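Asker: Quick one, fold the following:
(chains A, B and C)
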Amino acid sequence: MNLAMLKPGEKGRIAKMGAIGPLRRRLMDMGVLVGEEITVEKVAPLGDPIEITVKNYNLSLRKKEAEGILLEDPK
Amino acid sequence: MGIVDFVLIGLIVGGAFYLLYRSLWKKKGYCHGCDSAGKCK
Amino acid sequence: MTAPTAARSFPVVETAVLRVAVAGNPNSGKSTLINSLAGTRLHVGNWPGVTVEKKEAALEHRGQRIALIDLPGTYSLSPYTEEEIIARDFLVHDRPDIIVDVVDATNLERNLYLTLQLLELGIPVIVALNIYDEAEKKGYKIDVKAMEAALGVTVVPTVATRKTGMNDLLEAVTGAIAKGSRSLPRSQSYGEDIEAAVKMLTAGIVDRHPALVERYPRRWLALKLMEGDRRVLAEANISGVDSLMKDAVGHLREAHGEDLESLMADARYSLAAGLTREVLQRPSVRKTEMTEKIDRVVLNRFLGIPIFFAAMWFVFKMTFDLSAPFADWLDGAINGPLTRWIEASTNLLHGPDWLVSLMTKGVIAGVGSVLVFVPVIFAMMFFITFLEGSGYMARAAFVMDRAMHSMGLHGKSFIPMILGFGCNVPAQSGTVLWSLYVMGIVLAVLMGILFKRTLFRGESPMFIMELPPYRMPSGRSLAIHTWEKGKHFLIKAGTYILAVSVLVWFLLNLPWGVENKKDSYLGKVGSAIAPVFAPLGFGNWEASSSLIAGVIAKEIVVGTMGEIYVRETEKKPEGPAPTFFEDLREIGTSFASAGREAFTNVISTVGITSLKAEEKEEEATLRSVVAKSFTPLSAYAFMAFVLLYMPCVVAAAAFKHEFGTWKWFGVAFVYQTILAWSVAFIVYQGGKLFGIGG
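Answerer: Take a look at the predicted model:
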């Protein structure tokens, strides 16, 4: 289960950060951390990128980048 | 055309080259106004 | 020198200038805050070697001289992005006396993450709790006192857009300096494990690498080494497997895996989250915010793209409607009164005839035809600034990124591509009608693909981008940034475009007294090269001469054309020439009517009326003269060529400085020229084949 699989309106909690290097650090600096709750708000009209809410603000990232963010399995 | 004209022309052309040198070469090719667009490389 | 009063009230303060670095997240209103603090004393330049903007201002508060230095907006001080590296290098190596950290009160936790990193530096910090009004409007209650106590720094609520709290901020800055070392922030604890490791590392560094202690703040250095910060490791010449590192962080690595960078990010964020919980009370019921409502429409699946194009069209139309009357006014003023004045004053000083010609047919015709674009450039920069400042730019990038990404470009590059085009704007809007822009975009996209596939292969940059709340940019900020962006165009006109205009005039008039411009040196060279361009539809000497001169910079193509096609019959045949004051009055009234026309244009922007007006105005301008030697199709081809044929402005110098050799420049030159020729060829011959405008 990763962030790119969520549909708009769905929520998830980050279980693991699969990204590496600068991308990983950048995500972490923006508050995308393990244990954080993330909501997917929108998908861009052309299907990519997506808009998410994390730590109470809006962030956009490409699906490719979202794939590296693994989520806890929903109970 | 007298000597004065030649001196004047020399000064003007020299000035133009100096201006060109100063504004372009010494700026290390940094392009003003390009930074907002796709970089002009 | 500091005024004596200041020396008396703050005895600790030296007479030196207080260096204040302003740091903060992007979208925290840092830029507006700087503008509010600095007012007209703002100086905008670039950080050495890069195109990142550097703002500075010299202020005085209570006799204390202050040098404000604006750091690039960053979310962190990681070693990865250009902005972050600039910010941290400045903080660490240039050691400002104090840091003003601009914190977005509506987004406390993420902003505090940076604050915590700033506190690690051992430099006094003042927090400007900005956008305070919006936070209050949202129902946020921030306990400023508690925040001060927890961070150990002064916190000043500010609303930069309304200039609220600016004086308090300056008071806090000078006050902190008066307190001397007592104003140093308390160091925050990242938890026992980390602190123990920091302690060991610090001791080890002092012991084994004493030279480093001179160069870096100790705690910061220890933390960075722990994170495995590649830049610091390299600079300090310490390897990650150094015995010192092993001793200090070995157990951390065992417990948390190799990745201490995320351990640190976690530690900082949990601290930031804790602080936020402590000082911030959010209302339990969250109301739907305006930004959310707007985004529902603007980023809508079906409406998003049409809205984007509508917005672009609108901006585009507004730019031209607004600027066209002023461009015509400027054109009239330059070619009419200004030319007459220069002629008259040169004659008055008994200047030779050739000097008059140089001034009017060289400088005025050359620089003037470029200057006519000043209104367009400024209008365009105004709208770009507005889009950036309002928050729509980020949405546009969001909407268009997929399309742009498949061409190897970042979503953000779309708007500049459409509107700005950097150096190409004047050349574009100049020679032919603005419908050509569309082709410009297509070509730029093509070029993007080509470059992506050939010269600049590599990873496309990441897209992670904040979508900030929509905000109304303040008039002051709009004005400042529009001016800063547009200013460069004026600088160009006053420097190399002027210089080239002069040189081109000589080349057009040598051998001395040549009757026909075609027989001048430039004309001869142009004629010699012209056949090369014949298959592209512009095989005349005028076009090729302009292209030669334009190698220096694209605007010069327009300038040179202005000189070649200089209007001979500008003098008023009937009656005596108007006096200086009549001219002045005429300029004034025509400016006023240009203003009126721009206004009506904007009002009727959706109508076709203004377009008609534009067509009518064509008659008087350079465009119409040029149009005689171009068909619409060959004009298109010419445009394509100009757009592509040469790496923009003095790429030569850039290449030389970058690679130290001419070889790569030569390669790029040949490559682009061939590319430009091919594209223009396809445009012209293809167009003829389909019988368009031939």
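
Asker: For chain B, see how far away C:Pro531 is.
Answerer: Using Cβ to the nearest Cβ, to the nearest Å, C:Pro531 is found at 29 Å from chain B. Heads up, the C-betas are built off the backbone N, CA and C, glycines and all.

Asker: The strand or helix carrying that residue - what's its average pLDDT?
Answerer: Assigned by DSSP states H and E, C:Pro531 belongs to helix C:521-533. Mean per-residue pLDDT for helix C:521-533: 86.

Asker: Identify the residue nearest C:Tyr216 in space, chain neighbours excluded?
Answerer: C:Val92 (6.2 Å; Cβ to Cβ, 6 or more residues apart in numbering or on different chains).

Asker: mind checking how far that neighbour is from chain A?
Answerer: The value you get for C:Val92 to chain A, if Cβ to the nearest Cβ is used, is 18 Å.

Asker: now C:Ala87
Answerer: When C:Ala87 is compared with chain A (using Cβ to the nearest Cβ), they lie 13 Å apart.

Asker: By residue count, which helix of the chain is the longest?
Answerer: No chain in the question, so chain A it is. helix A:21-29 (DSSP state H).

Asker: You answered for a different chain; I wanted chain C.
Answerer: helix C:304-333.

Asker: is that helix anywhere near chain B?
Answerer: No - using Cβ under 8 Å from any Cβ of the partner chain, helix C:304-333 stays clear of chain B, coming no nearer than 14.3 Å.

Asker: Can you list the buried residues in that helix?
Answerer: C:304-305, C:307-308, C:311-312, C:315-333 (16 or more other Cβ atoms under 10 Å in any protein chain shown).

Asker: Within reach of chain A, which of these are there?
Answerer: C:304-305.

Asker: Point out where chain B drops to low pLDDT.
Answerer: B:1, B:24-41 (pLDDT under 70).

Asker: can you map out the helices along it?
Answerer: Counting by DSSP H, the helices of chain B are B:3-20.

Asker: How about chain A?
Answerer: Under DSSP H, chain A gives helices at A:21-29, A:63-66.

Asker: The longest one packs against which elements?
Answerer: Which is helix A:21-29. strand A:11-17, helix C:260-279 (3 or more Cβ pairs under 8 Å, 6 or more residues apart in numbering or on different chains; DSSP states H and E).

Asker: go on, the shortest one?
Answerer: Using 3+ Cβ pairs under 8 Å, 6+ apart as the contact criterion, the elements in contact with helix A:63-66 are strand A:50-54.

Asker: Return the set of buried residues in the strand it packs on.
Answerer: A:50-52, A:54.

Asker: Repeat that for stretch C:44-60.
Answerer: Neighbour count says stretch C:44-60 has C:44, C:47, C:52-55, C:57, C:59 buried, by 16+ other Cβ under 10 Å.

Asker: what about it, how long is it end to end?
Answerer: Using Cα to Cα, to the nearest Å, one end of stretch C:44-60 lies 18 Å from the other.

Asker: tell me how far it is from the chain's mean position?
Answerer: Distance of stretch C:44-60 from the chain centroid (Cα atoms, centre = their mean, to the nearest Å) equals 12 Å.

Asker: ok, the residue in the stretch 401-550 of chain C that chain A sits nearest to - contacts?
Answerer: Across the stretch 401-550 of chain C, the shortest distance to chain A (Cβ to the nearest Cβ) belongs to C:Arg402, at 3.6 Å. Neighbouring residues of C:Arg402 by Cβ atoms under 8 Å, 6 or more residues apart in numbering or on different chains: A:44, A:46-49, C:411.

Asker: could you give the angle of the lowest-mean-pLDDT helix or strand in chain A to strand A:50-54?
Answerer: Using mean pLDDT, DSSP states H and E, helix A:21-29 stands out as the lowest-scoring helix or strand of chain A, at a mean of 87. Angle of helix A:21-29 versus strand A:50-54, following axes from the mean of the first three to the mean of the last three Cα atoms, to 10 degrees, is 50 degrees.

Asker: by contact count, what packs against the helix holding C:Pro531?
Answerer: Against helix C:521-533 (3+ Cβ pairs under 8 Å, 6+ apart) you get helix C:498-509, helix C:541-549.

Asker: Now do whichever helix or strand comes after the longest helix of chain C: everything it contacts.
Answerer: Per DSSP H and E, the first helix or strand lying C-terminal to helix C:304-333 is helix C:339-348. Contacting residues not belonging to helix C:339-348 are listed as C:355-356, C:359-360, C:364, C:570, C:577-578, C:580, C:583 [Cβ under 8 Å, 6+ apart].

Asker: Give me the angle between helix C:339-348 and helix C:304-333.
Answerer: Using the same axes, to 10 degrees: helix C:339-348 against helix C:304-333 is 40 degrees.

Asker: Grab the nearest non-local neighbour of the residue nearest to the spatial centre of chain C.
Answerer: Per Cα atoms, centre = their mean, the C-alpha nearest to the average position across chain C is that of C:Lys485, at 6.1 Å. For C:Lys485, ignoring the flanking residues on the chain, the nearest one in space by Cβ to Cβ, 6+ apart is C:Met381 at 4.0 Å.

Asker: Mind giving me the packing neighbours of the helix or strand encompassing the one you found?
Answerer: Assigned by DSSP H and E, C:Met381 belongs to helix C:374-390. Where contact means 3+ Cβ pairs under 8 Å, 6+ apart, helix C:374-390 is packed against helix C:304-333, helix C:424-431, helix C:475-492.

Asker: Now the weakest link among those, please, by mean pLDDT.
Answerer: Across the helices and strands packed on helix C:374-390, helix C:424-431 gives the lowest mean pLDDT, at a mean of 41.

Asker: So which bits of the helix or strand hosting C:Leu233 are buried?
Answerer: Using DSSP H and E, C:Leu233 maps to helix C:230-236. For helix C:230-236, the buried set under the neighbour-count rule, 16+ other Cβ under 10 Å, comprises C:232-233, C:235-236.

Asker: so which of those would you say is closest to chain B?
Answerer: C:Glu235 (24.6 Å).
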